[in-house]
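K.L.:
Build me a model:
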Amino acid sequence: MRRTQLYLDDDLWRELHARAKTAKTTISELVREAIRERYAGNFEERKKAMRDVVGIWRDRKDIRSAEAYVRTLRKGTRLDRLEERLKP
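P.N.:
The predicted structure is shown next:
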């Protein structure tokens, strides 16, 4: 975690102070929560989006399996060629 400073106008500070007191938390936590919601998105929404994407191409017949592709890359001579290019 990193520390930062914010300049808040008096009205905003009073509002945050009152909400923090009511929620039994800190102004810092309220600010972090607001930033997460505004800029990082809701965690549950992000988690749902990730779950929706998993396996999205599973039933496609026009592409080969990722496993086969990776195995092809590993069998290739790409690393050998790269090593040759890096030799002095």
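K.L.:
Please name the residues that touch the residue nearest the centre of the chain.
P.N.:
By C-alpha atoms, centre = their mean, the chain has its centre lying nearest to A40, at 7.9 Å. For A40, the contacting residues are R46, by C-beta atoms under 8 Å, 6 or more residues apart in numbering. (Each C-beta comes from the backbone N, C-alpha and C, glycine too.)
K.L.:
Can you name the secondary structure element that comes next after the host helix or strand of A34?
P.N.:
Assessed by DSSP states H and E, A34 sits inside helix 27-35. Later in the chain than helix 27-35, the nearest helix or strand by DSSP H and E is helix 43-53.
K.L.:
pLDDT of the longest helix seen in the chain, averaged?
P.N.:
Looking across the chain with DSSP state H, the single longest helix is helix 10-23. Here helix 10-23 scores 96 as its mean pLDDT.
K.L.:
With that, I have no additional questions.
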